[in-house]
Each structure stands twice: as C-alpha cells, then as structure tokens.
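**Q** Requesting a structural model of the entry that follows:
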Amino acid sequence: MRQLTLIRDGKKVAEYLLDRRDVIIGRGRTAHIRLDENPVVSRQHLVIHEQGQLHVVEDLGGANGTFVNDKQVGKHTLRPGDRIVLGRDTLRYDFGHRGALSLRSVSQEDLGADDLSFETDSFVEPVPELSVSDVSVFQTSDSLQDLAKRNTPVVPRGHGGLGDGQMTAVADKAELEMLLAQLTVARKPHLRVFLEGGDVTNLDAGDVVELGESPALIGHTDACTVRLPGRKWFGRIAGRLSNEAGRWHIAPESTFWNPIWMGEDEYRLEKIRMLEDREMFEVGGLRFVYRKGEER
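**A** As a prediction, the model looks like this:
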C-alpha cells in the first residue's frame, strides 16, 4: 500500500492512504483530498490512478498545472519519494503505514458524484502481469521521463486490444521499458518491502528497493535510499547498507532511537553484519527481505 504525505510550508500536515482506484485532489467537496486553503489549486486539479501496483498522476487541466519534482507533467508514473508540488502544498508519494487516513470512507455523496468530470477512460489500464512486473521500482538507472508525456491509445475489444474489457489499453514503448526496468532490478541485489506484520509468505512479493550505490542509508530524510514513513527528531538515520567485496552488509546508526530488528526472533542489531539471501529485518514500521538476485 502507498500513501500521500501532505506537507504545507515545510511541515507535515496529514497522511492519506491510496486505497481507492482513483483519488481526486482539489478544492471543495468534489475532491477526496481537499486543499481548500490553497488558492492556486483548481476544484478538480489532478487525479491519482491506481494501475496494478503502480500509481499514475494525471493533471486535469487546471490553470496552474501539476508539477512533479519541479517538472510540469500531464501524466507521470509515481515512484516512492516523488513530490507533487501545488503552490505551498507538497504531496510526497511514500510507502504506506497504518497511521495514515483511509480515503475509502469518503463517500460519493460527499464528493458530489454528479459533478465529477475527469475522463475515466483516458488513463492506461494495467499491462498483463509478469512474474515480477507488479512491483514498483524505487530507483533505476533507466530513463523513463517520457512516461509523463505519453498518450496511449485506447482500443475497443476485438480490435487489437489486450484483455477482456470493453476498452483496453495498448502497451506502448514506455510501458514495456518500465516492465524491463522492474525485471532488471529484481535480478540484482535488492530489498523487498512489506508493511510491518504483513504476510511475507511469498518473499518475491512486496515493493522493490534497488541496492545500487554504496552506502545506502535507511531513515527518515530525503537523502535516504530507503525512506521510512513518518518523521523523527532523533535517530533520523536508522541504518546503513554497504557493499563490501560484492556482499551487502547492514549496520545500525541509532540503536536506541531507531533500532533495527533482525530475523524472525527480532533481536536488536548492535553491530555490522553481512546479509544472507532471504534474511528479514524490521525498522520504522516496515519489514524488509534482502534478496541477492541472480547468481553470476
């Protein structure tokens, strides 16, 4: 599960779980996330579409546009850490946690369903699943900026479309590049991410965090490769992942304020240790499973 963290004037205001297929952001009763105090936001400014395990932000044509990471976009596939900037408000796309507000409780009556006007069939439906295609990539060396500007055609059933719906999206080059990037990451050393207490029976499920450059920090700041939910005054850096002679190690940075709990026995990590394939650890409300990738 993913969430949006609302930051206003540099301070965290609220956290919203993305537990609806479409989440409208704007002003007034026609929005799931209401930014009524922000004059640059339109009544229906943008919508977040759920597409499998991915989320796509789509601008709805407001006068002031939608910006992701300081770049104006029409459509953009979100990755953890992305920031949607709307004037004084910033919505950060994060891993979800149980303390965030569910948007399922927002009823259609509250929204004024008769007034909803965005085109629901203008977005891209999910591409058929591959073995690891339903995970989100936190970092990748592939350049996918063109996702924000793609215009994928929608084809009626029986006219070359995939799937069994009445209207089905045609997978374009950018979609296939995203799938290839996901497969590439899963072949390398990486972490699988689960909510704390979640089902880890399938260790190849969960979101993917690529282990690229060493060291990789785990914590609550934007400098962290693995960004934990929430905010801390002390122990903002929980740990450090480092590649030493081709093997990844984990070391604690704040054993008191932000401890790392290792394995099923959940013992506190006190010193650096080498990670073994399928080894689990918990920190900051998330559970991680280390995968070393394919043998070379």
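**Q** how about low-confidence regions in the stretch 101-250 of the chain?
**A** In the predicted model, the stretch 101-250 of the chain carries pLDDT under 70 at residues 106-186, 196-200, 203-205.
**Q** at 80 instead, please
**A** Of all residues in the stretch 101-250 of the chain, those with pLDDT under 80 make up the ranges 105-187, 195-208.
**Q** How about residues contacting stretch 222-234?
**A** Stretch 222-234 has contacts (CB atoms under 8 Å, 6 or more residues apart in numbering) with 3, 5, 12, 15, 80-81, 94-97, 99-100, 138-139, 191, 209, 211-213, 216-221, 237-238, 241, 254, 257-258, 283-286, 288. Every C-beta, even on glycine, is put in place using the N, C-alpha and C of the backbone.
**Q** one more time with 6 Å
**A** The set of residues external to stretch 222-234 that reach it, using CB atoms under 6 Å, 6 or more residues apart in numbering, is 12, 81, 94-95, 97, 209, 216-218, 220, 257, 284-285.
**Q** Need the buried ones from those residues selected in ChimeraX.
**A** Applying 16 or more other CB atoms under 10 Å to the contacts of stretch 222-234, the buried members can be selected in ChimeraX as follows:
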select :81,94,95,97,209,216,217,218,220,284,285
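**Q** so where do the helices sit in the stretch 1-150 of the chain?
**A** Taking DSSP state H, counting those that start in this stretch, the helices of the stretch 1-150 of the chain run over residues 108-111.
**Q** Could I get the full set of strands for it?
**A** Under the criterion DSSP state E, counting those that start in this stretch, the stretch 1-150 of the chain contains strands at 2-8, 11-17, 22-26, 33-34, 46-51, 54-59, 66-68, 71-73, 75-77, 83-86, 89-95, 101-102.
**Q** Any chance of a markdown table for those, columns distance to residue 274?
**A** As requested, these are exported to a markdown table (distance: least, CB to CB, whole Å):
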| stretch | distance to residue 274 |
| --- | --- |
| strand 2-8 | 31 |
| strand 11-17 | 35 |
| strand 22-26 | 41 |
| strand 33-34 | 43 |
| strand 46-51 | 37 |
| strand 54-59 | 33 |
| strand 66-68 | 37 |
| strand 71-73 | 39 |
| strand 75-77 | 35 |
| strand 83-86 | 35 |
| strand 89-95 | 25 |
| strand 101-102 | 39 |
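**Q** And these: which comes nearest residue 262?
**A** Of all the strands of the stretch 1-150 of the chain, strand 89-95 sits nearest to residue 262, with 19.9 Å by CB to CB.
**Q** for the record, mean pLDDT for the closest one?
**A** Mean per-residue pLDDT for strand 89-95: 91.
**Q** in its sheet, what does it sit against?
**A** Looking at strand 89-95 with DSSP bridges, its partner strands are strand 2-8 (antiparallel), strand 83-86 (antiparallel).
**Q** Can you check the pLDDT for the nearest residue to residue 42 once chain neighbours are set aside?
**A** In this structure, residue 42 finds its nearest non-sequential neighbour in residue 62, 3.3 Å apart by CB to CB, 6 or more residues apart in numbering. Per-residue pLDDT puts residue 62 at 79.
**Q** Now do residue 62 against residue 52, distance only.
**A** According to CB to CB, to the nearest Å, residue 62 stands 27 Å off from residue 52.
**Q** re the thing from before, save the strands paired with strand 89-95 as CSV, and put in distance to residue 266 too.
**A** Below are the strands paired with strand 89-95 laid out as CSV (distance: least, CB to CB, whole Å):
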stretch, distance to residue 266
strand 2-8, 25
strand 83-86, 33
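**Q** which one of the strands of the stretch 1-150 of the chain lies closest to residue 276?
**A** Proximity to residue 276 (CB to CB) singles out strand 89-95 among these, at 23.7 Å.
**Q** thinking again about what came up before, need the strands paired with strand 89-95 in JSON lines (columns: distance to residue 245, mean pLDDT and mean neighbour count).
**A** Formatted as JSON lines, those follow (distance: least, CB to CB, whole Å; pLDDT from 0 to 100; neighbours: other CB atoms under 10 Å):
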{"stretch": "strand 2-8", "distance to residue 245": "35", "mean pLDDT": "91", "mean neighbour count": "21"}
{"stretch": "strand 83-86", "distance to residue 245": "36", "mean pLDDT": "91", "mean neighbour count": "20"}
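**Q** Alright, that wraps it up for me.
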